[in-house]
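Trainee: Predicted coordinates and the sequence they were generated for:
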Amino acid sequence: MFKRISFNVILCLILSACSKEKESGISDLLIDVPNIQGKQEYLASPFVTAGNRVYMVGHQDGSFPDLGWHIKGEMGGVWNHPIKLMDGFDILLNWDDDSYVLNQADSFTNYPFANKHDFSIADKALKIGRWQFVPDDTEGIAIQLEIYNEAETVQNFELVFTGHSDLRPTWLGERTNMINGQDEPSYSSKINGWVVKDKNNPWYVCYAALDKPEQKFSSKLNQEKLTSSNTLSYKVRIPKRGSKILTFSIAGSYTSEDEAIKTLKKIQHNLPELIEAKKNRYKALANQTKLTIPDEKLEQTFEWLKYNCDWLVRSVPEIGTGITAGIPDYPWWFGVDSEYALQGYMAVGQRDAVYNTIKLLDSVSEAVNGNGKIIHEMSTNGAVFNKGNINETPQFASLIWRIYQWNGDKAFLEKYFPTIEKGLKWLMDANDLDKNGFPEGFGMMEIHGLDSEMIDVVVYTQKAFADASKMADELDKTSLANTYEAIAANLKEKINSEFWSKDFNSYADFIGTDKQTLHLIEDAIVRADTLNKPWAINEMEQTKQFILNNPSNKPRPFVLHHNWVVNTPMEMGIADNDKALKALKTAKRFVNPFGVFVTGIDRDESTGSDDGAFKAPPVFSYTGAVMTLPTGVSAIAENNYGRPNEALNYLERMTRSFSYALPGSMYEVSPDFGMMTQAWNIYSYAYPIVHQFFGIQPNAAKKEITIRPQMPDSWNKASLENIEIGNNKISIYYWKGPKSLTIRTIQTNWDWSLKVELPKDFKNAGLVVTQGEQIEANADKFIVSSRNGEIDASIYFEEATNNNSKTND
């Protein structure tokens, strides 16, 4: 006899079946996303999976070794600043007669916003992909296993996930009373996983899979490190030629257990939507300031640096949001790193990061200094480590002017100009002790004792007063504008006369006394001898003898270390043309295949070579380093004096280090040392490409854009699309043939005035304007303007008469 089943019961059964969670494969969602596979020889080196709240650092082979030195061995793992959540995790596959730990990947592949480790277990005919993804604005991460059974038989095994909790404070936590306690784990049937709490604080981490584990979970405390290790065990059955997806979610909170569990469930139940949202956002990042050039490697580097920029945005709602300097050891906020990097961020359209970082730096600097001085370094718990070096304050002024040129927002200028005004007053009143116009103190070169009148501090001070004069003029502060302009003009003249060394054909590292310099020389000789650099010892001995033979009772300029900052007068475009060309030639003595040595006396046998081969020293230190920022500064400097081919040569050197160790990223120290991703790299690329090669000079306040292209010879076809300036977007297309040069520009807002200045460096050059209006032609250039949204103009010529410089002098 059959019993009648009510419609409501049937409906409930249907709904229950439909509500059962179905795993979604990350690989299917990323099938059309760009990716780069890493090198076998760098599997035992770091990678990062980043979001603005949480990021994870481990090794490309899938392991989680101790990493970093700021908190020794603790800079890897899963971080949710201002706390750490986990040291990492282990995944073990168990059979009755065998077991495998997934920590020796065959390959690593990086995606703009996710990454994957590939493992193979040949004798079990298994292939496993381990994915990780961090959603936007989320205090958690998804770890997904895609397991493929290539055998003709069913596979049955146990999979054990062991999470290693390490709830601890960030660097300088003790300064804000963040005292680490014992991690206390408890299994939660609510999530079918582990919830771990720090005994002394409301810090939580939880992790679980959608699948319910077997009753084989265990926990182990480490009372020395105050950590815990907690397992989850699952029975896995995979049909022949079949597959299985298993996703673990890790979530944390530094405020409550409820928040951590809420985040965990958000990831579990919405993973495809979260991936799709971030995928679309990253597509938009790629399309902003989109570069297309003949050099595919450099083009790819530029695209991925935009992704790197996003990896470095760190948000701690109680304190603020801003770009951090680098991962893994500098995942907090810096003044000077931001002042370089944000110029690049603005040029590639990442405006929110720019505005949030400036707001954070300004507010914290006001709170801790109150005199316009800009901080140097602050941890994510709000503790300021260094209240500011001297160069940060003038560089902040120039940053604000640069951003104002892009946004034209008078309220933005009014908001930050009081900080600039106070800062410039503090800069000169408190630091120019002998009142000669040169502030004294540490700049970019943090070498002990090198804190007198430094070339970079003085140059950036000159630029700050020049830029502040323009800002004061915009704000109708005419008298102040005139005062600042006079100071800037005087400094420019003094830098070119007092910092120039005719003997070295270089600007001096610093101006100091004989006593100070002799002491620095002794330190440098010891350093050079330790590093086995006899040429440096010889140079130091010669300089020492010169000082002893020609003593002075007054401070004077010295070229001692050949630090990269001697190129800042050319970076800022204030060097006299003749001196600039001599100094740029001198600078070439201190490069290697990857870029510019931070300190020239530390150069090695690779100096001057174009060979991209590299052999790592056995122990890393910043001594003898080649870095991206000095190399970018040299590229900008070359462009400022009409040498785009030379500038491109520096970019090509840097580009050799792209994907060298971490696919899709560029290390701080070239090619594979220090931070695996670094904020100021975008300055080194975006400024020379956007402002100089394509020649974009924005004046958003007046709704004007001037374009002065200065292309390298090898870029016969190039475009830069979707560049945001104010409420406008422009795109530039450039073609150069044997006897013609064409440039086309389009904009979205026709209320703006476009102006293109084309070089007249050709014999019998003639201009044809298809769109726009020729407004001027002189001995140097043609000028074409438009207010109808577009310019299309071509130069026709017989041959070049003053072509771009070549890479040899």
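Mentor: Looks like it came in fine. Residues are numbered from 1 along each chain as shown.
Trainee: all helices of the stretch 351-500 of the chain, in order?
Mentor: Residue ranges of the helices in the stretch 351-500 of the chain, as given by DSSP state H, counting those that start in this stretch, are 351-368, 392-407, 410-431, 455-474, 478-498.
Trainee: now for the host helix or strand of residue 685, which elements pack on it?
Mentor: Assigned by DSSP states H and E, residue 685 falls within helix 681-686. Using 3 or more Cβ pairs under 8 Å, 6 or more residues apart in numbering; DSSP states H and E, the elements in contact with helix 681-686 are helix 296-311, helix 335-347, helix 628-640, helix 644-655. Placement of C-beta: from N, CA and C, glycine included.
Trainee: Any idea how many residues pack against residue 63?
Mentor: Per other Cβ atoms under 10 Å, the neighbour tally for residue 63 reads 18.
Trainee: Go ahead and confirm it touches residue 103.
Mentor: Yes. Counting by Cβ atoms under 8 Å, residue 63 touches residue 103, with 4.0 Å between them.
Trainee: Identify the residue spatially nearest to residue 105, adjacent ones excluded.
Mentor: residue 117 (4.0 Å; Cβ to Cβ, 6 or more residues apart in numbering).
Trainee: what sits up against the helix or strand hosting that neighbour?
Mentor: Remark: residue 117 resides in strand 114-121, with elements defined by DSSP H and E. Around strand 114-121, the neighbours that count as contacts under Cβ atoms under 8 Å, 6 or more residues apart in numbering are 26-27, 30, 33, 47, 49, 60-62, 93, 100, 102, 104-109, 126-133, 275.
Trainee: What pairs with that strand, parallel or antiparallel?
Mentor: Sheet neighbours of strand 114-121, with direction, are listed as strand 107-111 (antiparallel), strand 126-133 (antiparallel) (DSSP bridges).
Trainee: taking the mean pLDDT, what do you get for that strand?
Mentor: For strand 114-121, the mean pLDDT works out to 98.
Trainee: quick one: buried residues of that strand?
Mentor: 114, 115, 116, 117, 118, 119, 121 (16 or more other Cβ atoms under 10 Å).
Trainee: now those as JSON lines including distance to residue 517?
Mentor: Formatted as JSON lines, the buried residues of strand 114-121 follow (distance: Cβ to Cβ, whole Å):
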{"residue": "114", "distance to residue 517": "52"}
{"residue": "115", "distance to residue 517": "49"}
{"residue": "116", "distance to residue 517": "54"}
{"residue": "117", "distance to residue 517": "52"}
{"residue": "118", "distance to residue 517": "56"}
{"residue": "119", "distance to residue 517": "58"}
{"residue": "121", "distance to residue 517": "63"}
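Trainee: Format the strands paired with strand 114-121 as a markdown table; extra columns: distance to residue 550.
Mentor: Listed next are the strands paired with strand 114-121 as a markdown table, based on distance: least, Cβ to Cβ, whole Å:
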| stretch | distance to residue 550 |
| --- | --- |
| strand 107-111 | 56 |
| strand 126-133 | 62 |
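Trainee: Make CSV out of these and add mean neighbour count, mean pLDDT and distance to residue 452.
Mentor: Compiled in CSV, these are given as follows (neighbours: other Cβ atoms under 10 Å; pLDDT from 0 to 100; distance: least, Cβ to Cβ, whole Å):
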stretch, mean neighbour count, mean pLDDT, distance to residue 452
strand 107-111, 21, 98, 44
strand 126-133, 21, 98, 48
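Trainee: Pick out the residue nearest the middle of this protein.
Mentor: residue 679 (2.0 Å; Cα atoms, centre = their mean).
Trainee: measure that one to residue 113 for me?
Mentor: 17 Å (Cβ to Cβ, to the nearest Å).
Trainee: And for residue 314?
Mentor: Distance, residue 314 to residue 113, by Cβ to Cβ: 16 Å.
Trainee: Please identify which of these two sits among more neighbours.
Mentor: Neighbour count, other Cβ under 10 Å: between residue 314 and residue 113, residue 314 has more, with 26 against 23.
Trainee: I'd assumed the more buried one was in a strand, is it?
Mentor: Yes. Per DSSP: H, G, I helix; E, B strand; the rest coil, residue 314 lies within a strand segment.
Trainee: Show the contacting residues for it.
Mentor: Taking Cβ under 8 Å, 6+ apart, we find residue 314 in contact with 52, 81, 321, 322, 323, 324, 331, 332, 333, 380.
Trainee: so the last one touches residue 331, yeah?
Mentor: Same thing as residue 380. Yes. With contacts defined as Cβ under 8 Å, residue 380 counts as touching residue 331 at a distance of 7.2 Å.
Trainee: joint contacts of the two?
Mentor: 81, 314.
Trainee: Residue ranges in the chain under the pLDDT threshold?
Mentor: Applying pLDDT under 70 to the chain flags residues 1-24, 446-451, 605-606, 608-621, 799-809.
Trainee: Would you mind finding the longest strand in it?
Mentor: Secondary structure of the chain read by DSSP state E shows that its longest strand is strand 155-169.
Trainee: And that one, what's buried?
Mentor: Buried residues in strand 155-169, counted by 16+ other Cβ under 10 Å: 155, 157-169.
Trainee: Residue 746 should be in a helix, yeah?
Mentor: No. Residue 746 is assigned strand when assessed by three-state DSSP, not a helix.
Trainee: ok, so what distance separates it from residue 346?
Mentor: The gap separating residue 746 from residue 346 is 21 Å, by Cβ to Cβ.
Trainee: again, but for residue 626
Mentor: Distance of residue 626 to residue 346, given as Cβ to Cβ: 27 Å.
Trainee: Give me the more crowded residue out of those two.
Mentor: Higher neighbour count among residue 626 and residue 346: residue 626, with 29 against 26, using other Cβ under 10 Å.
Trainee: Closest to residue 352 out of the buried residues of strand 155-169?
Mentor: Within the buried residues of strand 155-169, proximity to residue 352 (Cβ to Cβ) peaks at residue 169, which comes in at 27.5 Å.
Trainee: which SSE is the nearest residue to the closest one once chain neighbours are set aside in?
Mentor: Closest residue in space to residue 169, ignoring its immediate chain neighbours: residue 178 at 3.5 Å, by Cβ to Cβ, 6+ apart. Taking DSSP H and E as the definition, residue 178 sits outside all helices and strands.
Trainee: Count residues in the vicinity of residue 178, would you?
Mentor: 20.
Trainee: what sits opposite the residue nearest to residue 105 in the beta ladder?
Mentor: residue 108, residue 130.
Trainee: what's the distance between it and residue 104?
Mentor: For residue 117, the distance to residue 104 (Cβ to Cβ) stands at 10 Å.
Trainee: who touches both of the two?
Mentor: Joint contacts of residue 117 and residue 104 (Cβ under 8 Å, 6+ apart) are 61, 62.
Trainee: Show the end-to-end separation of stretch 501-512, please.
Mentor: Distance between the boundary residues of stretch 501-512 (Cα to Cα, to the nearest Å) amounts to 14 Å.
Trainee: again, but for stretch 203-215
Mentor: Chord length of stretch 203-215, first to last residue, is 27 Å (Cα to Cα).
Trainee: picking that back up, distance to residue 190 added to the helices and strands packed on helix 681-686, as JSON lines?
Mentor: Below are the helices and strands packed on helix 681-686 laid out as JSON lines (distance: least, Cβ to Cβ, whole Å):
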{"stretch": "helix 296-311", "distance to residue 190": "33"}
{"stretch": "helix 335-347", "distance to residue 190": "41"}
{"stretch": "helix 628-640", "distance to residue 190": "47"}
{"stretch": "helix 644-655", "distance to residue 190": "50"}
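Trainee: Please narrow the contacts of residue 314 to those residing in strands.
Mentor: 321, 322, 323, 324, 331, 332, 333.
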